[in-house]
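Engineer: Starting from these lines, generate the structure:
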Amino acid sequence: MNLRHRALLGAVALAIIAAPAYAQQSSTVTQADVQRLQDNVYLADRDLSQLRSRDATRATQLGTELDDLRDEVVYLKVKLRKERTLSRTEYSDVRDRIEDLRSRARSDVAAAAPASTPTPAPAPSSAANSATTASRSTSAPGNTTSTPSTTATTASSVEVPVGTEIDVRLQNALNSGTAQVEDRFEGATLADVIVDGRLAIPAGSIFRGVVTAVEPGTRTNRTSKMTVSFDQVTLNGRSYPIRGTVTQAIEGEGIRGEAGRTAAGAGVGAIIGGILGGFKGALAGILIGGGGTIAATEGKEVELPQGSVLRVRMDSPVQIDTQTRH
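Structural biologist: Modelled structure (predicted):
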């Protein structure tokens, strides 16, 4: 074999060795990949919930890191949707940092655990209890939401299952002509969410949303669109990551008086008692499609006035800690 043939074989061998690494770097990041990041953030929050009962200070420190990572995942999701492409390196960096945080949280849980820690038994559930909560009233916002639990619920926590629908009243207006991608907004829940007879999310809890896509109306494009989603619920001074999709928009009578400032701290009586006004019916002039995309049907901008009610479907389960309630 001459020198030229040897050089050629060497080059082929190097190409074969390098091919997997190159393919991994250049492979396309998809929305499903970013969704897995959001799922990992949710799992990380559950790891911190376990740590919080043993080392609240450490859990708070890691929680700050997790909040930053949660925002970075939202940024990646928006960037992929706008630019249609995302660097595999950028994606992998966030993925690895989430996994590192989860690893540290689990290690801290193991280190903080006593030598012999009994595993708490799940709270007993009766068929009669499930039967009384199996139906949900959807005739109007403001009714108590009752939902049966098909997941594990313990004496110290309750899990709101996927598919639960919650009515959230906007505390600020949204308009496709002025909104920007990554704009944040908030809304207050109108009704208690009851799971297996237990209060999971009280009325007045704060849902945090984000604008993930927006297409304002133009002379050539008369159909304006805006996509919003919800990624966090706050109650009793603690925040939980969620994935929520808008399924319906209902016209409200606006927020009265000082409600814009007091809603976050208002209790059930204040919310249901009328501080936030009533409701009228389906919001006219808009159509809600898949993924929570809201489109204008009358050649105008998508406009959701302050006080509008958005029905939000939970697309991921959320474990609520009931021990922190006062």
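Engineer: Counting by contacts, list what the lengthiest strand in the chain packs against.
Structural biologist: Taking DSSP state E as the criterion, the chain has its longest strand at strand 238-252. Applying 3 or more CB pairs under 8 Å, 6 or more residues apart in numbering; DSSP states H and E, we find strand 238-252 packed against helix 31-52, strand 165-170, strand 206-215, strand 225-235, strand 279-282, strand 286-288, strand 309-314, strand 318-321. Where C-beta positions appear, they are placed from N, C-alpha and C, glycine not excepted.
Engineer: Okay, angle between the longest one and strand 238-252 too, please.
Structural biologist: Spelled out, it's helix 31-52. 130 degrees (axes from the mean of the first three to the mean of the last three CA atoms, to 10 degrees).
Engineer: which parts of helix 31-52 are buried?
Structural biologist: 33-34, 37-38, 40-42, 44-49, 51-52 (16 or more other CB atoms under 10 Å).
Engineer: which of these lies closest to Thr220?
Structural biologist: Closest to Thr220 out of the buried residues of helix 31-52 is Val34 (30.4 Å), distances taken as CB to CB.
Engineer: got a pLDDT number for the closest one?
Structural biologist: On pLDDT, Val34 comes in at 84.
Engineer: Could you look up the SS state of the closest residue to it other than its chain neighbours?
Structural biologist: For Val34, ignoring the flanking residues on the chain, the nearest one in space by CB to CB, 6 or more residues apart in numbering is Lys77 at 4.8 Å. Following DSSP: H, G, I helix; E, B strand; the rest coil, Lys77 is assigned to helix.
Engineer: give me the number of residues near Lys77?
Structural biologist: 22 (other CB atoms under 10 Å).
Engineer: Who are the contact partners of the residue nearest to Gly209 when sequence neighbours are not counted?
Structural biologist: Distances taken as CB to CB, 6+ apart place Phe230 nearest to Gly209, at 4.6 Å, with adjacent residues excluded. Contacts for Phe230 were tallied using CB atoms under 8 Å, 6 or more residues apart in numbering; they are 168, 207-210, 242-246, 312.
Engineer: Okay, Phe230 and Arg222: tell me how far apart.
Structural biologist: 28 Å (CB to CB, to the nearest Å).
Engineer: Could you do Pro305 as well?
Structural biologist: For Pro305, the distance to Arg222 - CB to CB - is 21 Å.
Engineer: Show me which of these two is the more surrounded one.
Structural biologist: For the pair Pro305 and Arg222, the greater number of neighbours falls to Pro305 (16 against 11), based on other CB under 10 Å.
Engineer: Just confirm that one contacts Ala173, I think it does.
Structural biologist: Yes. Under the criterion of CB atoms under 8 Å, Pro305 makes contact with Ala173 at 5.3 Å.
Engineer: what about the closest residue to Gln248 other than its chain neighbours, neighbour count?
Structural biologist: Computed as CB to CB, 6+ apart, the closest residue to Gln248 that is not its neighbour in sequence is Arg311, at 3.9 Å. Per other CB under 10 Å, the neighbour tally for Arg311 reads 19.
Engineer: and Arg311, bridged to which residues?
Structural biologist: With DSSP bridges applied, Arg311 shows beta-bridge pairing to Asp167, Gln248.
Engineer: quick one: it and Thr164 touch, right?
Structural biologist: No. Arg311 sits out of contact with Thr164 when judged by CB under 8 Å, with a separation of 10.8 Å.
Engineer: Run through the stretch 1-150 of the chain and note the low-pLDDT ranges.
Structural biologist: By pLDDT under 70, the weakly predicted segments of the stretch 1-150 of the chain are 1-27, 113-144, 148-150.
Engineer: Mind doing that once more with 90?
Structural biologist: Along the stretch 1-150 of the chain, the model assigns pLDDT under 90 to residues 1-61, 63-88, 90, 105-150.
Engineer: Now do the helices in it.
Structural biologist: Ranges of helices in the stretch 1-150 of the chain, per DSSP state H, counting those that start in this stretch, are 3-26, 31-52, 56-83, 88-112, 127-132.
Engineer: deepest of those helices, which one?
Structural biologist: Burial of the helices of the stretch 1-150 of the chain is given as mean neighbour count (mean count of other CB atoms under 10 Å); helix 31-52 ranks first at a mean of 18.
Engineer: Sort out which residues of stretch 288-299 are buried, please.
Structural biologist: Under 16+ other CB under 10 Å, the buried positions of stretch 288-299 are 288, 292-296.
Engineer: Which per-residue confidence value corresponds to the nearest residue to Glu298 once chain neighbours are set aside?
Structural biologist: Distances taken as CB to CB, 6+ apart place Gly285 nearest to Glu298, at 4.7 Å, with adjacent residues excluded. At Gly285, the pLDDT value in this model is 75.
Engineer: In this structure Gly285 contacts Gly299, no?
Structural biologist: No. At 9.4 Å, Gly285 and Gly299 do not qualify as touching, with contact defined as CB under 8 Å.
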